[in-house]
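Peer 1: Got a sequence here, can you build the structure:
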Amino acid sequence: MASRLNPYLSFRDSARPAMEFYQQVFGGTLTVATFGESGNPDPAIADKVMHSHLDTDRGFTLMASDTPSEMDLTVGNNISVSLSGDDADELRGYWDRLSDGAVISVPLEKQMWGDEFGMCVDRFGIGWMVNISQPQP
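Peer 2: I've put the predicted structure just below:
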């Protein structure tokens, strides 16, 4: 898979209805994974969206998730830019450059879902998420 750049939206508890709405607006295929499905047993967030992904026939990609209550979420600042793919060297290079002088909230490292993932706010105040997919058997 080639690297992909797209917006990533954050919600408090409404990622699923928001993404279903965007699917009605733009069409396409929506996939949704909850925190519970991804291995988090906390009943307070088990049914919340850990990651959702909408791909449209027009080539649009939109991703979103619910933000757990213990994490900050400010409406108006609830969008990041997502870089994802399986070219680990390319994506690590982007991460290294983006995170230079950035505030790193999640270091780029292997996560519970198996991918490498990191989050930072660059020196210009833009939020970035980098996800490196692991090779599929």
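Peer 1: Every contact and neighbour count from this point should use C-alpha atoms.
Peer 2: Noted.
Peer 1: in the protein, which segments are predicted with low confidence?
Peer 2: Judged against pLDDT under 70, the low-scoring parts of the chain cover residues 1, 137.
Peer 1: okay, now residue 127: neighbour count?
Peer 2: Using other Cα atoms under 10 Å, residue 127 has 22 other residues around it.
Peer 1: which residue sits closest to it in space, ignoring its chain neighbours?
Peer 2: Spatially, and ignoring its direct neighbours in sequence, residue 127 is nearest to residue 121 (4.2 Å; Cα to Cα, 6 or more residues apart in numbering).
Peer 1: shouldn't that neighbour be in contact with residue 104?
Peer 2: Yes: the pair residue 121 and residue 104 qualifies as a contact (Cα atoms under 8 Å) at a distance of 6.5 Å.
Peer 1: gap between the residue nearest to residue 127 and residue 48?
Peer 2: From residue 121 over to residue 48 the distance is 24 Å, taken as Cα to Cα, to the nearest Å.
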